[in-house]
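[1] just a sequence and a predicted model for now, questions to come.
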Amino acid sequence: MKKIKIEAAELLEKIREKKPVVHHLTNWVTIYDCAQIVKVMGGSPVMAHAKEEVAEMAKIASSLVLNIGTLTVDFVEAMKIAAISANEKGIPVILDVCGAGATRLRDEKCVELLHEVKIDIIKGNASEIARINGEEVRTKGVDAAHVSANLKEIARELAQIRKATVVVTGKEDIISDGINTYIVKNGTPKLTEIVGSGCMVASVIGAFAAVENDYALASASALVCFELAAECAAKKAKGPGSFKEGIFDCLANLDKLTINNKQKVERL
Amino acid sequence: MKKIKIEAAELLEKIREKKPVVHHLTNWVTIYDCAQIVKVMGGSPVMAHAKEEVAEMAKIASSLVLNIGTLTVDFVEAMKIAAISANEKGIPVILDVCGAGATRLRDEKCVELLHEVKIDIIKGNASEIARINGEEVRTKGVDAAHVSANLKEIARELAQIRKATVVVTGKEDIISDGINTYIVKNGTPKLTEIVGSGCMVASVIGAFAAVENDYALASASALVCFELAAECAAKKAKGPGSFKEGIFDCLANLDKLTINNKQKVERL
Amino acid sequence: MKKIKIEAAELLEKIREKKPVVHHLTNWVTIYDCAQIVKVMGGSPVMAHAKEEVAEMAKIASSLVLNIGTLTVDFVEAMKIAAISANEKGIPVILDVCGAGATRLRDEKCVELLHEVKIDIIKGNASEIARINGEEVRTKGVDAAHVSANLKEIARELAQIRKATVVVTGKEDIISDGINTYIVKNGTPKLTEIVGSGCMVASVIGAFAAVENDYALASASALVCFELAAECAAKKAKGPGSFKEGIFDCLANLDKLTINNKQKVERL
């Protein structure tokens, strides 16, 4: 494990310049937050889920973010149509496996998405990612016992099986594309005290992946910037309400110096 | 009517310790607020409405909150599936009869829900509850004239008819399970100046009912805590925007001393 | 072009007194903001989209706001039912052509709405309105070349073709009913840095049109008040999070003197 510096500041600057369109099919709980977090970085969020338009919308976007938080069968069908279009155009597709493991529907739909379309970045917390890995393993007829291995290995394994970048959020975030594995140690426990942290992370990754083809680097940079904004907001917050609002203020104002000096990134 | 002290602080502490899962099928306007208000109390909100998963999701929850604010026929069908599952598990089901009386659809669907599944707590403002009572009365072929009786009687009557706890929010909140009737006099008029107060109350009740089987006591405690948070937020607010945000900050920081000293509760 | 004073303060006062019900069928991203912005003006927002109830709900409303931001085919059908009911009652129907031009579905549905129901106020940004005008022109078999004409002319032309008031938001807002054309020069660039500005404008127009039959005057007054609130919020904001929240605080507290002294309105 060695401490490194990544060019997160340069990528954030690129987002501010290029204003990439980030197309979302996301949940109804944090849909505003997902749009707003992309906007405050200088990106251009688009939320559209009608089957009749998602393919066309994905074609004008620079990345596609899927989040199954409030999924329905129909909604996942729209996700697939959007993802196929995104795959054709060659833009990154991010899947937030929000709530994987909670119900059979979620597990099944995650597996369907992973098998029927190309997902470039899979994002979840530890239990969600372990579940996805387990489902993958089960689907492939492999003994699921070794799923209990440590998280970094699970992330790398899943990345290799799925030929995707895997992002496991937590106190330490793990990002692996199967070859490179980054650990991001920024952030604050306050992120676990509000609704929407995880969803916003996926959207921020969507914005970074829109301007950087190395998706592991893009994801690590996204986590650095989002979590530095959260650290800034935590200092000023009087509670979870003002903390949440502060994230938008702080991310909009996040500067190069802070990113370069305060990032805590390691590489395996 | 006599002034009493209720153990709201102990129940809030229980929520913070046990982190109960509160499953919602709610409206799209305040869905974030409903999730966030449960989260800032230390609870674990889950929003899921797909027919294919609601029964399973309710099974992992400790209470179920239904809110018809932006109902559709299909959405109410999902509510019924979730509620039947919740009934089987024996967890409390809270129904916010949001907008009852505004359209025939709302009235019909409320009556359907009340008759087809077991609702443990019915929550609304004065006119909504009067309407529900009227519908109940009408459905049962009783002369509706006496609906014009006073609110406390309506609440107690509806509680007895429906074998449920009835919560009528207002300047003074009335909570009755047909035997015990509590009045909560905390709060601030500012709660009527923002969108989401009523919906958040139902979610807070959901969290309290998840840890306390005496639903009238749970509901009264929920109102005390939520309204004390609102009183705290009102003091610092510069308007409805900062007031709304302040509720989250204040509820997260609400302490035992404040709850014990500032609660204004009476029992009939 | 001449500088004028409009009675925006009197109309805002009327909203605070009459508390008009503003019925919305809007998008899922900013639905809370649309409700809250109406509420903080003293209005009474209602969000309802079930086909079975929209006609009845529109009948108890004083205006109807339609926003195609997250449209589906079914949702637009509900919009039509609501609009036909609103047309029968004679209350104003506002259409926010959110995202027009982005996909064929959006263009088609806008044209359908404009042709199948009476839309009283069409609101969009420059490119959306140019697109709607182009579609109209194309639909009518006219050479689309002259669409490149300047925005004020486009607004006036579209207003005349559609017998509606047209609102084009931007650094300078243009409001035309085909006869009178107002320019509103209030506002702040910060409005382009948050999600929801445009949607909230449509809702504010909905509230003003509910109390004033001269829809061009109502719309200009709405823009003056909303943008003065934004100017006030911009002064205090530390970033887009606190700016957004500040709009609610400032609009709730907006007074007659400020409106009369700080409005920047011109008439062609």
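    Nice, thanks for sending it over. Numbering: from 1, shown residues only, chains lettered A, B, ... in the order given.
[2] who's in contact with the strand or helix carrying A:Ala86?
    For A:Ala86, the element it lies in under DSSP states H and E is helix A:73-89. Identification of contacts with helix A:73-89 by CB atoms under 8 Å, 6 or more residues apart in numbering or on different chains yields A:23, A:25, A:49-51, A:54-59, A:61, A:63-64, A:66, A:68, A:92-93, A:105, A:109, A:112-113, A:116-119, B:50, B:52. (Each C-beta comes from the backbone N, C-alpha and C, glycine too.)
[3] go back to the residues you listed and keep what's next to chain C.
    Restricting the contacts of helix A:73-89 to those touching chain C (CB under 8 Å from any CB of the partner chain) yields A:49-50, A:56-57.
[4] sorry, back to before: neighbouring contacts of the next helix or strand after the helix holding A:Ala86?
    Following helix A:73-89 in sequence order, the next helix or strand is strand A:93-96 (DSSP H and E). For strand A:93-96, the external contacting residues (CB under 8 Å, 6+ apart) are A:26, A:63-69, A:83, A:86-87, A:110, A:113-114, A:117-124, A:198-199, A:202, A:205-206, A:209.
[5] just the ones of these in strands?
    A:63-67, A:121-124 (DSSP state E).
[6] want to try TSV for these, with neighbour count, pLDDT and distance to chain B as columns?
    Shown next, in TSV, are these (neighbours: other CB atoms under 10 Å in any protein chain shown; pLDDT from 0 to 100; distance: CB to the nearest CB, whole Å):
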residue	neighbour count	pLDDT	distance to chain B
A:Ser63	29	98	23
A:Leu64	32	98	21
A:Val65	31	98	18
A:Leu66	30	98	15
A:Asn67	27	98	12
A:Ile121	28	98	24
A:Ile122	28	98	20
A:Lys123	31	98	19
A:Gly124	27	97	16
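[7] for chain A, give me the ranges with low pLDDT.
    Counting by pLDDT under 70, the ranges of chain A that qualify are A:136-149.
[8] rewinding a little: of the ones next to chain C among the contacts of helix A:73-89, which pair is most distant in space?
    A:His49 and A:Glu56 (12.6 Å; CB to CB).
[9] pick out whichever of those two has more residues nearby.
    Neighbour count, other CB atoms under 10 Å in any protein chain shown: between A:His49 and A:Glu56, A:His49 has more, with 22 against 17.
[10] and the more buried one, what element?
    Here A:His49 is assigned to no helix or strand, by DSSP H and E.
[11] isn't it right up against A:Leu25?
    Yes: the criterion here is CB atoms under 8 Å, and A:His49 meets it with A:Leu25 at 5.0 Å.
[12] which residues touch A:Lys244?
    Contacts of A:Lys244 (CB under 8 Å, 6+ apart): A:33, A:194, A:196, A:233, B:36, B:245, B:248, C:241.
[13] want to throw these into TSV with secondary structure, neighbour count and distance to B:Leu257?
    Shown next, in TSV, are the contacts of A:Lys244 (DSSP: H, G, I helix; E, B strand; the rest coil; neighbours: other CB atoms under 10 Å in any protein chain shown; distance: CB to CB, whole Å):
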residue	secondary structure	neighbour count	distance to B:Leu257
A:Asp33	helix	23	33
A:Ile194	coil	25	25
A:Gly196	coil	25	31
A:Ala233	helix	25	28
B:Gln36	helix	27	25
B:Glu245	helix	25	24
B:Phe248	helix	29	20
C:Gly241	helix	25	31
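[14] turn those residues into CSV, including distance to C:Thr165.
    Formatted as CSV, the contacts of A:Lys244 follow (distance: CB to CB, whole Å):
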residue, distance to C:Thr165
A:Asp33, 33
A:Ile194, 41
A:Gly196, 37
A:Ala233, 41
B:Gln36, 38
B:Glu245, 35
B:Phe248, 39
C:Gly241, 33
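[15] closest one of the ones in strands among the contacts of strand A:93-96 to C:Leu228?
    The closest of these, once distances to C:Leu228 are taken by CB to CB, is A:Val65, at 35.3 Å.
[16] so A:Cys29 is in which element?
    One thing to correct before we go on: residue A:29 is Val, not Cys. Using DSSP H and E, no helix or strand contains A:Val29.
[17] around it, how many other residues sit close by?
    If we define neighbours as other CB under 10 Å, then A:Val29 has 28 of them.
[18] I'd say it and B:Lys39 touch.
    No: A:Val29 is beyond contact range of B:Lys39, at 10.7 Å (criterion: CB under 8 Å).
[19] report the set of residues contacting both of those two.
    With CB under 8 Å, 6+ apart, A:Val29 and B:Lys39 have common neighbours A:Val195.
[20] could you find the closest non-adjacent residue to the most centrally placed residue in chain A?
    The residue lying closest to the centre of chain A (CA atoms, centre = their mean) is A:Ala202, at 2.7 Å. Nearest residue to A:Ala202, sequence neighbours excluded (CB to CB, 6 or more residues apart in numbering or on different chains): A:Asp96, at 3.9 Å.
[21] do the same with A:Glu245
    Per CB to CB, 6+ apart, closest to A:Glu245 is C:Gly241, 3.9 Å.
[22] look up how far B:Ser44 lies from the residue nearest to A:Ala202.
    18 Å (CB to CB, to the nearest Å).
[23] same question for A:Glu231.
    Distance from A:Glu231 to B:Ser44, by CB to CB: 24 Å.
[24] helices of chain A, start to end?
    A:8-18, A:31-40, A:54-59, A:73-89, A:104-116, A:126-139, A:151-162, A:197-209, A:215-236, A:240-253, A:256-262 (DSSP state H).
[25] contact partners of the first one?
    Under the criterion CB under 8 Å, 6+ apart, residues A:41-43, A:62, A:207-208, A:210-212, A:217-218, A:220-222, A:224-225, A:254-256, A:259-260, A:263 lie in contact with helix A:8-18.
[26] mind doing that once more with 10 Å?
    Helix A:8-18 is touched from outside by A:7, A:20, A:22, A:38, A:41-44, A:62, A:184, A:204, A:207-212, A:214, A:217-218, A:220-225, A:228, A:251-252, A:254-260, A:263, A:265, with contacts defined as CB atoms under 10 Å, 6 or more residues apart in numbering or on different chains.
[27] just the shortest one next, same as before
    Contact partners of helix A:54-59, identified using CB under 10 Å, 6+ apart, comprise A:21, A:23-25, A:46-50, A:64, A:77-89, A:91, A:93, C:99, C:102-106.
[28] report the buried members of the residues you listed.
    A:21, A:23-25, A:46-50, A:64, A:78-87, A:91, A:93, C:99, C:102-103, C:105-106 (16 or more other CB atoms under 10 Å in any protein chain shown).
[29] write out the residues of the stretch 151-268 of chain A neighbouring chain C.
    Proximity of the stretch 151-268 of chain A to chain C, by CB under 10 Å from any CB of the partner chain, involves residues A:229, A:233, A:236, A:241-242, A:244-254.
[30] ok, which pair from these is furthest apart?
    A:Gly241 and A:Leu254 (21.0 Å).
[31] interface residues of the stretch 51-200 of chain A facing chain B?
    Looking at chain B, the residues of the stretch 51-200 of chain A close enough under CB under 10 Å from any CB are A:68-76, A:99, A:102-106, A:108-109, A:192-196.
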